[in-house]
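Trainee: fold the stuff below for me.
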Amino acid sequence: MKKPSVELKLPILPNMELIATQTSEVIARHMNLTEDQTGEISIALIEACINAFEHSQTDNNVFINFLIEEDSLIIKVIDQGIGFDKTKVEIPKIENKIGKGERKRGWGLQLIQELMDSVEFESNSDGTTVTMKKIINKKH
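Mentor: Residues are numbered from 1 along each chain as shown. Reported below is the predicted structural model:
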């Protein structure tokens with residue numbers, strides 16, 4: 001039997017990432033995920049979408065694919081932007097952010113990796129694909 005999948009095509013407009021999180025919440029309910037898992041997926045997805053919207057430098061759509069497997073949920077966030085070199089992305093030092101009025105941004109990639117069970121970044125001049133996987137711990 002073919003594994004169920006859901007595909008979204010989002011224009012780069014304000015708050016479109018909320019469509020992705022609403023979709024992930026419906027899928028999480030279908031998969032009987034815990035509230036914690038559902039929340040972790042939503043936050044990681046918001047970060048991945050915002051990165052694609054803000055950094056891809058494209059007017060094209062962002063594509064999101066959800067692949068429902070027996071023991072995991074795989075989410076791909078795909079943009080057709082300029083790409084990036086992950087080795088050149090600096091994680092901000094927290095002491096530089098606290099109480100200094102500096103923008104409290106820049107932790108997106110780190111946050112995604114903390115919240116998901118595995119994360120892969122593929123990026124070149126044709127765009128970026130972020131593949132996130134959440135392993136399912138069924139709620140009792």
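Trainee: and the closest residue in space to residue 77 that isn't next to it in sequence, how many residues sit next to it?
Mentor: Spatially, and ignoring its direct neighbours in sequence, residue 77 is nearest to residue 48 (4.2 Å; Cβ to Cβ, 6 or more residues apart in numbering). (Each C-beta comes from the backbone N, C-alpha and C, glycine too.) Other residues near residue 48 come to 30 when the count uses other Cβ atoms under 10 Å.
Trainee: help me confirm that residue 48 is found in a helix?
Mentor: Yes - Residue 48 sits within a helix when classified using DSSP: H, G, I helix; E, B strand; the rest coil.
Trainee: next, work out how far apart it and residue 115 are.
Mentor: Note on residue 48: its distance to residue 115, by Cβ to Cβ, to the nearest Å, is 10 Å.
Trainee: same deal with residue 28?
Mentor: Taking Cβ to Cβ as the measure, residue 28 and residue 115 are separated by 13 Å.
Trainee: now do residue 74
Mentor: Applying Cβ to Cβ, the value for residue 74 to residue 115 is 14 Å.
Trainee: likewise residue 45?
Mentor: Looking at residue 45 against residue 115, where the rule is Cβ to Cβ, the gap reads 9 Å.
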